[in-house]
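A.B. asks: Turn this into a structure:
(2 chains)
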Amino acid sequence: MDGTRYDLVCGQGRIEAYLALGGSTIPAVVIDACREDQFLMSLVENVARRPPSNRDLVREVRSLRERSYKPEEIARKLGLDRAYLQGIIHLVEHGEEMLIEAVEGGRLPISVAIQIAKGTNHEMQLALSEAYEKGDLRGTKLLTAKRMQNLASRRFHTAEFCNIGNAFGLIFGTCCGTLIVAHPMRWMGAHRGHATMTDLLRVENVSKRYGGMHALRNAHFTLQAGEVHALMGENGAGKSTLAKIIVGAVRADRCDFLIAGRPVLIHSSLDAQRLGIAIIYQELDLFPDLTVGENMVVGNLRFQDSPLVSFARIERFCQPYLEQVGLTRNTREPVVNLSIAEMQLLAIARVLSVNARIILMDEPTSSLFEEGVERLFRLIAALKARGVAIVYVSHKMDEIFRICDRVTVLRDGETMGTRDVAATSSDEVIRMMVGRELETAAAAHAARTSTGDVLLSVENLTTRKLTNISFELRRGEVLGIAGLVGSGRSELGAALFGIDKISSGTVCLSGRRVAASSTSDAMRAGIGLVPEDRKLQGLMMQMSVLENSTLSALSRMQRFGFVRRRQEETAAGTIHRSLLLKSPSSDAPVSALSGGNQQKVLLSRWLLLNPDVLFLDDPARGIDVGAKQDIYRIIDELAAAEKGVILVSSELPELLRCSDRILVLNNGCLAAIYERADATPERIMTAATSETNSRTAL
Amino acid sequence: MSSGQPILRPERKTRATKHYVGRFSGVMALLGVVLLAIVTSPSATDGSSIFLQAGNLTDILRQIALIGIISLAMTFVILTGGIDLSVGSVLALSTSIVAMGLTRNWQTTGDATHILLAIGAAVLAATIAGIVNGLVVAGLRIQPFVVTLASMIGVRGLAKWLTDNANIDIGFGQDTAAHFAAIFREKMVVIGSYCLLAAAFWVVLSRTVFGRYVRAVGDNETAARYAGLPIRRTKLWVYSLSGLMAGFAGVLYAAENHQGNPNAGVAYELDAIAAVVIGGTRLSGGKGSVFGTVVGTLIMGVLTNMLRLNNVDSNVEMMIKAVIIILAVTIQSQRESD
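C.D. replies: Numbering: from 1, shown residues only, chains lettered A, B, ... in the order given. This next block holds a predicted model:
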């Protein structure tokens, strides 16, 4: 392909083709024409075959008009239909110079030109289709590079150059000498080897401050077409902020954006959508009560032309995208009926439907089961083959090494570097993320021996969701709880902490019976619970870091009902330091903190209260390696201080790393308890998933 | 094309200055209204501005005191994510009871005891109304809007039933009731109580454990539960306080108007809520301040005064107030959308 001059690039894979051909040096219009491929192909075959027609008509009309002939007179003189003549006059008097030249040069049928001069995109498209059907489209070299650029710059914002509508593209196509309809597979295969790729997306000098804290400091990131690029870093390293800046959800204090080598501005999500950038958030932002179809089209500009949208139209629109991602649901099904994995597919289908070329995925596998993960990975591979670039934000090292091509690591808001996944190791990535070596699990664990007295004993505990659970927890022991989501892990905490009603069974703490009917009862008795969902159940997002930390312990920090501020600050400060909490100040709103640091604030609330038994419900969920290590260290310290810890976790390595014993729940029943020495991932998974609830495994 | 710099324009305000602006936007608005009032104020015969006369300024304070006192407690209610629609009716109940008490001939007591007993009875009744609100909201977990809407109707009925739907006049003579009115309609007593109460509420909200709980419950009730906070007790207190304040306002109302009127205080709850909202407290709870509410009350008061000095029709006044409320909330919501 090299060496030839191409005037137009369109069809699927156009961006890649365009980039590989040298980007901005080509006077190309990149058309959004995925679904017009057939039309375009035949168009290419048909151009430049028909002889010119009525090329002189415009010239004559023009000269007559210049001599002040009235329309009726011209019509009579040339024997033309009135309406047709009106069109020509409109063209002559209001049309683009280029259009008129094209007609006079015999390169564009007059009927098409009239429609173009008059019309909206839609009309143009119709006109073109008609012209095509009549067979009088033709193409010769018409536009010089310069003229093309002029036109583009007059008509369009730079940022939108790649989104010039189909109709314009087609018009240019008919005017241009050569058309390429690039097909991604063919093209990618043939040219990947020797094409020097410009970066599809390049962000540089990104800085963003929240209050006094730098979320990002001169970070940079580049993305190439057709790659899966992992974005990694500890919580608070700035990954999410960077992702949000790229999709226009957050505005940077400073940021240089280049798309395909051209500077662009992204001020809002709409800007990003126009540029073909989309994000799939961790908390899939779908509307649960709307239908699949409605979720697909909501916010889609193409559906804003009329206030009434028929289900049939939605269905027609959605079907191809849903098929593409493999979601076999009726478009009229409400989204609440979908599983999380299906919702994710829907979210992906939605970004595909707005023609996203760059898709950011924030922790996409965090709520998926194995099968869902596999399906997602297959889909990512397919997208990649189509030339879509994917930014993959995740903490899961094995996923990164499985599906990503490159990885960029952020630390404290700065870019630490980018590596080819093939040429790096997880150790290196972790070193880049953390800046220090991580302890090995075995070394940390050897230190602990649990020989304390029985602290908590639970007998035949039964609630709405649990059946006959019995276990003991000793002082200085960490009891891990394994089980699938919905197996009753969190419900066990809710029962112990006075949230769920206990219908039968007893809970004894240090030999004394606890009958907690409210959370404050449980708290007074010496049981603490760090809930699973820190935003919904944990933190007061509008209150400060300090206020959130001390909330439960306030009764110990007061005199006559007045809060003793100094005592409060000292106590919280000590805990925060021991947790290595990163916060601009203790007065900062907790919402300004990253996820990992928010989790630490929540943890500090309970550490301040220092209960005998602390139930940690998945405390390390969705947080990064460094913060995880900090939390493991705190768990070890709690055990060393003769407290009892119950740790729920979805990640087996985490349970195996921290726990002395592991209790497996299955469908609300106790399936097994393993000493750590006997616990293997296989055994635990077997117990957690077996159909028959072997209550006798005790 | 693209001759412009590709750099994003830096955000105009950092979070810190936003916070600063947010905190004082209410004060700025108040200053604006005051300036406007000074400019538009008609002149007295000696050429001075009527608005700035000491008498006028203290009048403003006295006029806002009733709504002001009610809105202090309303701030707490709204901070917990609730609302109290019954305050107007509770005020009517209190004002009726105090007038009834004063005009009854209680033989055994002297003036002072008589007055105190009457006030005590009125405030107690109002507080009980608040406690009932609180018990139902916290205990039965019914939406505060519905609960207080019901008590708004019920308490109004109670006040009318007690008084046979008649005004109970307090005379101007030398009897106990007249003494009561003379004391409690004194400008300094009214303004003084408002200032003291405002200071007290401010301290309670910003310095005490209870104040912290109030905000925490409103911010995230589920999280408050998981944090082991006494949610029910906090709510009970908040609604009781609201009843208490409405009751106290009712006493002042009786003195000022020389009558106990079971039809008093209609739409007071809306004025109080408006003051709270203008003061920057979020209706969904968790965010707001007593200081803001005081500023909000002052804005409404100065505005009313300004319009009346200029003889603006009172119906027009209501329309202007409507605009002010929307404006205030718009400014705040922009501040929040960060």
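A.B. asks: contacts and neighbour counts: CA atoms only from here.
C.D. replies: Fine.
A.B. asks: Skip the chain neighbours and tell me the closest residue to the closest residue to chain B within the stretch 301-450 of chain A.
C.D. replies: Proximity to chain B, evaluated over the stretch 301-450 of chain A using Cα to the nearest Cα, is greatest for A:Gly413 at 17.4 Å. Leaving out its chain neighbours, the residue that sits closest to A:Gly413 by Cα to Cα, 6 or more residues apart in numbering or on different chains is A:Leu216, at 3.7 Å.
A.B. asks: Name the SS class of the one you found, please.
C.D. replies: strand (DSSP: H, G, I helix; E, B strand; the rest coil).
A.B. asks: Which strand residues bridge it?
C.D. replies: Judged by DSSP bridges, the bridge partners of A:Leu216 are A:Lys208.
A.B. asks: Dead centre of chain B: give me the residue that sits there.
C.D. replies: Geometric centre of chain B, nearest residue: B:Ser71, 1.9 Å, by Cα atoms, centre = their mean.
A.B. asks: Please report how far it lies from B:Gly88.
C.D. replies: 11 Å (Cα to Cα, to the nearest Å).
A.B. asks: confidence score at the residue of the stretch 301-450 of chain A closest to chain B?
C.D. replies: On pLDDT, A:Gly413 comes in at 82.
A.B. asks: what about residue 56, how many neighbours?
C.D. replies: No chain specified, so I'll use chain A. Per other Cα atoms under 10 Å in any protein chain shown, the neighbour tally for A:Asp56 reads 14.
A.B. asks: that answer is for a different chain, and I need it for chain B
C.D. replies: Residues lying near B:Asn56 (other Cα under 10 Å) number 14.
A.B. asks: Also the one 3 residues further on?
C.D. replies: Other residues within reach of B:Asp59, judged by other Cα under 10 Å, total 16.
A.B. asks: Please name the nearest non-neighbouring residue to it.
C.D. replies: B:Lys187 (7.8 Å).
A.B. asks: ok, the one you found touching B:Arg62?
C.D. replies: Yes: with contacts counted by Cα atoms under 8 Å, B:Lys187 reaches B:Arg62, the gap being 6.3 Å.
A.B. asks: Among these two, which residue is more densely surrounded?
C.D. replies: Set B:Lys187 next to B:Arg62 and count neighbours by other Cα under 10 Å: B:Arg62 wins out with 23 against 18.
A.B. asks: Need the three-state assignment for the more buried one.
C.D. replies: Under three-state DSSP, the three-state class of B:Arg62 is helix.
A.B. asks: ok, it - contacts?
C.D. replies: Counting by Cα atoms under 8 Å, 6 or more residues apart in numbering or on different chains, B:Arg62 touches B:187, B:190-191.
A.B. asks: okay, who's weakest in those residues by pLDDT?
C.D. replies: Ranked by pLDDT, the contacts of B:Arg62 bottom out at B:Lys187 (88).
A.B. asks: ok, that one to B:Thr58 distance?
C.D. replies: 7 Å.
A.B. asks: Also B:Thr297?
C.D. replies: Look at B:Thr297 and B:Thr58: by Cα to Cα, they are 14 Å apart.
A.B. asks: again, but for A:Gly326
C.D. replies: The value you get for A:Gly326 to B:Thr58, if Cα to Cα is used, is 73 Å.
A.B. asks: Check A:Val478 too.
C.D. replies: For A:Val478, the distance to B:Thr58 - Cα to Cα - is 67 Å.
A.B. asks: Of these two, which one has the most company?
C.D. replies: Neighbour totals were compared for A:Val478 and B:Thr58, and A:Val478 leads with 28 against 15 (other Cα under 10 Å).
A.B. asks: and residue 261, what pLDDT?
C.D. replies: Just going to use chain A. Confidence score, pLDDT, at A:Gly261: 70.
A.B. asks: wait, I meant chain B there
C.D. replies: For B:Asn261, the model assigns a pLDDT of 91.
A.B. asks: Equivalent analysis for the one 10 residues further on, please.
C.D. replies: The model reports B:Asp271 with a pLDDT of 91.
A.B. asks: Mind telling me what element it is part of?
C.D. replies: Following DSSP states H and E, the helix or strand that holds B:Asp271 is helix B:268-278.
A.B. asks: How far off centre is the helix or strand that comes right after that helix?
C.D. replies: Later in the chain than helix B:268-278, the nearest helix or strand by DSSP H and E is helix B:290-309. Centre-to-centre, helix B:290-309 and its host chain are 11 Å apart (Cα atoms, centre = their mean, to the nearest Å).
A.B. asks: which element is residue 324 on?
C.D. replies: All of this refers to chain A. Judged by DSSP H and E, A:Gln324 forms part of helix A:311-325.
A.B. asks: Oops, wrong one, chain B.
C.D. replies: Going by DSSP H and E, B:Ile324 is part of helix B:314-336.
A.B. asks: That helix packs against which elements?
C.D. replies: If contacts are counted by 3 or more Cα pairs under 8 Å, 6 or more residues apart in numbering or on different chains; DSSP states H and E, helix B:314-336 sits against helix B:15-40, helix B:268-278, helix B:290-309.
A.B. asks: Please identify which of those helices is closest to chain A.
C.D. replies: Closest approach to chain A among the helices and strands packed on helix B:314-336 is made by helix B:15-40 (5.2 Å; Cα to the nearest Cα).
A.B. asks: Could I get the CA-only coordinates of the one helix or strand B:Ala199 maps to as PDB?
C.D. replies: B:Ala199 belongs to helix B:187-207 when assigned by DSSP H and E. The C-alpha coordinates for helix B:187-207 follow below in PDB (Å, rounded to 0.1, in the frame of the first residue of the first chain):
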ATOM      1  CA  LYS B 187     -37.900  43.200  71.200                       C
ATOM      2  CA  MET B 188     -34.800  42.400  73.100                       C
ATOM      3  CA  VAL B 189     -36.400  39.300  74.700                       C
ATOM      4  CA  VAL B 190     -37.500  37.900  71.300                       C
ATOM      5  CA  ILE B 191     -34.200  38.700  69.600                       C
ATOM      6  CA  GLY B 192     -32.200  37.600  72.600                       C
ATOM      7  CA  SER B 193     -33.800  34.200  72.700                       C
ATOM      8  CA  TYR B 194     -33.300  33.700  69.000                       C
ATOM      9  CA  CYS B 195     -29.600  34.600  69.300                       C
ATOM     10  CA  LEU B 196     -29.100  32.400  72.300                       C
ATOM     11  CA  LEU B 197     -30.900  29.500  70.800                       C
ATOM     12  CA  ALA B 198     -29.000  29.900  67.500                       C
ATOM     13  CA  ALA B 199     -25.700  29.900  69.400                       C
ATOM     14  CA  ALA B 200     -26.800  26.800  71.400                       C
ATOM     15  CA  PHE B 201     -27.800  24.900  68.300                       C
ATOM     16  CA  TRP B 202     -24.600  25.800  66.500                       C
ATOM     17  CA  VAL B 203     -22.500  24.500  69.400                       C
ATOM     18  CA  VAL B 204     -24.600  21.400  69.600                       C
ATOM     19  CA  LEU B 205     -24.200  20.600  66.000                       C
ATOM     20  CA  SER B 206     -20.500  21.400  65.600                       C
ATOM     21  CA  ARG B 207     -19.100  20.400  69.000                       C
END
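A.B. asks: With that, I have no additional questions.
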